[in-house]
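In: I would like the atomic coordinates for the input below:
(2 chains)
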Protein chains: 2
Amino acid sequence: MAQQRLKYFGWGREGEGMTAAEEIAALERYRHLFGVSNFEDKTPPALAEISLRPPRIVPPAALSPICSCELYDRVAHTYGKSYRDYARGLDGDYAAAPDVVAYPRNEGEIAAVLDWTGGAQAAIVPFGAGSSVVGGVEPQIDGVSHKAAVTLDLRHLDRVVEIDHLSRAARIQAGAFGPALEAQLRPHGLTLRHFPQSYEYSTLGGWIATRSGGHFASLYTHIDDLVESIRMVTPKGVIETRRLPGSGAGPSPDRLLIGSEGILGVITEAWMRLQQRPRFRAGGAVRFADFFSAARAVRAVAQAGLYPANCRILDPQEAYNTGAGDGSSAIMVLAFESGDHPLDAWIARALECCADHGGVPERPGERDTHREGAAEQWRSAFIRMPYARERVIRRAVIADTFETAITWERFETFHNRVKTATETAIRDATGRPGLVTCRFTHIYPDGPAPYFSFHALGRHGTLERQWRAIKSAAGDALIEAGGTITHHHAVGRDHRRWYDRQRPELFAAALRAAKRTLDPQGMLNPGVLVDP
Amino acid sequence: MAQQRLKYFGWGREGEGMTAAEEIAALERYRHLFGVSNFEDKTPPALAEISLRPPRIVPPAALSPICSCELYDRVAHTYGKSYRDYARGLDGDYAAAPDVVAYPRNEGEIAAVLDWTGGAQAAIVPFGAGSSVVGGVEPQIDGVSHKAAVTLDLRHLDRVVEIDHLSRAARIQAGAFGPALEAQLRPHGLTLRHFPQSYEYSTLGGWIATRSGGHFASLYTHIDDLVESIRMVTPKGVIETRRLPGSGAGPSPDRLLIGSEGILGVITEAWMRLQQRPRFRAGGAVRFADFFSAARAVRAVAQAGLYPANCRILDPQEAYNTGAGDGSSAIMVLAFESGDHPLDAWIARALECCADHGGVPERPGERDTHREGAAEQWRSAFIRMPYARERVIRRAVIADTFETAITWERFETFHNRVKTATETAIRDATGRPGLVTCRFTHIYPDGPAPYFSFHALGRHGTLERQWRAIKSAAGDALIEAGGTITHHHAVGRDHRRWYDRQRPELFAAALRAAKRTLDPQGMLNPGVLVDP
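Out: Residues are numbered from 1 along each chain as shown, chains lettered A, B, ... in the order given. I've put the predicted structure just below:
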């Protein structure tokens, strides 16, 4: 059955979205929060209303069967899915649209496109499913060093090519979307179990290029840990790392490619470490008096060596917003899973850690409640969340998230400083209070990965500027208080300013030198991570 | 109490070594193995008998208080502890001796030494405790691009500077030896628990520079996983990475420095992730009919998500050699440990995995036998092992080890091919059969890290050549059969040939570009990992 095409504005495919009931509920919450009775509704332009500059290059005849200059293709590849992207899309601003979108079917065609863009002085932007929330796939060229922009959409490289059952690994093409990849593994009883929030509309190659954070709250937090080897096409040729369970032979080649965000080459496939499908589960929701008590319980669990698959906490307001709580307590969504053994000892000890910090299980005595109550409520909300943005922005609501990581000894001060800076910026930028909430997405023995959501009421015509003021204050606070500008959303173009403050200058120099070696013309994703 | 100085020939400090009884037992085993009644005993030259070329440079006055051109210092810094190093030492060949050994006390002095060597066109070799078994600390210069060699001994940077109890992390100087580092952490109830075989005579900086493999057989196998951030002095300035529990901001800066083997800069300190000292233990030895059955049990345990601290298997002959077995069965040394919780559920499930493959616990019913029986026997032998080499080489015994990693589906073929190639090379090089044994040092869900030992009877005067023939055959077999040339011993100069075949050429080009950026004169550890 042919799938609907991806939306050019919004999350997922055409025809998908919030239900009317979901939208009414969301807007009702915002009315209450902002103390307004109505919203001005602005409609995003229809596709036919969008006008683009004529393409500045045309593909050579040999490549024209895999290239498109159609309006839909160019518009749908202009942006990712960040708030800023929607703000500009709502205003009909598609100035950054690529001139050409190429859909290669194999490495030979990728190399041919690189040859062509090299000769044509065009920038090239590798594109998975376009779910970047950090400006990672938006072509930005100066018209001088790059005369045009070509987006390279990997969607046709979508196969699980080879499975190694004994080693529990598979060779998978980089353009495979999450569900397609899992569907090909399922008949073998195997799973990658990498489920970022963008899972349905993101690809293996995108996950690797951006150091995506996945399903596992502890241990295998980033895709990094699941990569056994990588194949990448660069302008200078192919890099293929050796398939090994572990190695100590010099600096890891994989770790230079993981997180390279399209600036070194195009990831075409990877051998990935897989899991057995879980047969045993234990978990549920645990309530705490406040967020910091819950955080202390998380620290205890993280340092106990229990490695829960889920150990996410929501502050009271975040719990309320997702329907997982009434706003009076913080909630931990705790889960263990295994394809091998029952988990009674694991959950029992984790609940003891929680009890030490006042944590009370939602359904005491029941140990596998992961599909019930607050835990299930949060899960559903989590999956549906990305569909909200395209609707609420029409009402000038500014709703965005940012995420980070920090060591435990700084966490409480850090949290308060970042939250206050963001709240203050919301008042300054919009003239009224908004809301800033926090949860943890991933946990480590030495610190959590806090994830902040904020909600503000902006004004049509100035949304991007208002959003930028809030985002800037938050980014400054994150970096000044010792955090990372991103734990798993990547750097892209939106985080460059803070990334430049965070990473050692000499590392940037070394990365620039590596890029110059692999991409001497600087055509790959210019402006991301480093300047040419 | 002042410590004895490190031996210039041999393991550890002066006055340490095998006991007479240990030596008699070792030589008796070798007599039996090679079918000889006596060995020719060659005595290594006394220090005073060694003659070195006069130093080709002298340190400037400002640095002379921290520099030495004394015979002992130069001789003791010529080599690491590889078989090849001992073979040349036995022959009195110290042509590679550094001209000067510097003992800086802080980063300022390190920078000053780099300034001086840069101006003097001298190569500079960072040196921890000199336990490299891969030619990682031997100055090799051509006399043209580098006119002299200076070794930089980090021993005075030996302090645990700062402890963060909440995050369970410590800032530790790079020159701290294993025992000194643990002694400073112990009063705080904390431990790094990184115990390579070289633990007593290796340093934190050396571990990080070489991606050392440690105590934990699974999960935190390499030092890589324990590093939170790094400080490094390069010829272009200081790199300090941000202290974070996790991050997704571009390719990991730490991972470029980890494993850089002294070619990018001098690691001066690192924030390290620590553990609680274990309070709970469960484990013991498990016997298997043969090595491959044991390996299948290891695979089951590794894929079960149990994360044992130890899960090492010895083939029957390796078990016999270390006194852990009678040579009729393979042995698994299995251990779980925790500072947090009892481990009954963990060990019970691991023993079920073993039983599925015919594994029989040595002392059924007892679950904490890690300090008894075969497990304890193996542990003692493991710690004493490095002292044997300096004694047996005097009898022209060639005894060495090499280690690797391979995915499970290739393991059995790989093992047989490598073992056969090494056995054949021993016969070809020495004219008589030797012995090749195998154990696992570390395990992963997707494959083991096999560790081979070999024993041959050589002839004085040709030991290095004979060793090289065997080592070459083994290295070729490892690489051709798909393994890594090193899982945790590092590349150094001895593994360069195979490393060059294993790592992608374009990665080498990128690494070379990074090195040129940080070390434009190419003075740091020339010949290691990449050519200038």
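In: Tell me the spacing between the residue in the stretch 351-500 of chain A positioned nearest to chain B and A:His487.
Out: Across the stretch 351-500 of chain A, the shortest distance to chain B (C-beta to the nearest C-beta) belongs to A:Gly447, at 3.3 Å. From N, CA and C alone the C-beta is placed, and that goes for glycine too. Using C-beta to C-beta, to the nearest Å, we find A:Gly447 at a distance of 10 Å from A:His487.
In: So between the two, which is more surrounded?
Out: Taking other C-beta atoms under 10 Å in any protein chain shown, A:Gly447 and A:His487 do not tie; A:Gly447 has more neighbours (31 against 28).
In: give me the beta-bridge partners of that one?
Out: A:Tyr444 (DSSP bridges).
In: residues contacting it?
Out: Contacts for A:Gly447 were tallied using C-beta atoms under 8 Å, 6 or more residues apart in numbering or on different chains; they are A:Ala405, A:Ile406, A:Thr407, A:Trp408, A:Arg410, A:Phe411, B:Ser167, B:Leu244, B:Pro245, B:Gly246.
In: what do you get if the cut-off is 6 Å, keeping everything else the same?
Out: Contacts for A:Gly447 (C-beta atoms under 6 Å, 6 or more residues apart in numbering or on different chains) come out as A:Ala405, A:Ile406, A:Thr407, A:Trp408, B:Ser167, B:Pro245.
In: now A:Gly92, what's its secondary structure?
Out: Here A:Gly92 is recorded as coil under DSSP: H, G, I helix; E, B strand; the rest coil.
In: Sorry, wrong one. I was asking about A:Trp271.
Out: A:Trp271 ends up strand, using three-state DSSP.
In: To what extent is the closest residue in space to it that isn't next to it in sequence buried, counted in neighbours?
Out: Counting by C-beta to C-beta, 6 or more residues apart in numbering or on different chains, A:Trp271 lies nearest to A:Glu228, which is 4.0 Å off, once chain neighbours are set aside. A:Glu228 has 25 neighbours, counted by other C-beta under 10 Å.
In: where does A:Glu228 land in three-state SS?
Out: Per three-state DSSP, A:Glu228 ends up strand.
In: Please report how far it lies from A:Gly246.
Out: 10 Å.
In: What residues does the stretch 351-500 of chain A have near chain B?
Out: The stretch 351-500 of chain A comes close to chain B at residues A:405, A:407-409, A:444-447, A:484-488, A:491, A:499, as judged by C-beta under 6 Å from any C-beta of the partner chain.
In: same check, this time on the stretch 51-200 of chain A
Out: Applying C-beta under 6 Å from any C-beta, we find that the stretch 51-200 of chain A lies next to chain B at A:Asp164, A:Leu166, A:Ser167, A:Arg168, A:Ala169.
In: which residues does the fourth one contact?
Out: This means A:Arg168. By C-beta under 6 Å, 6+ apart, the residues touching A:Arg168 are A:Leu274, B:Pro445.
In: ok, 8 Å please
Out: Residues in contact with A:Arg168 (C-beta under 8 Å, 6+ apart) are A:Leu190, A:Arg273, A:Leu274, A:Gln275, A:Gln276, B:Gln303, B:Pro445, B:Asp446.
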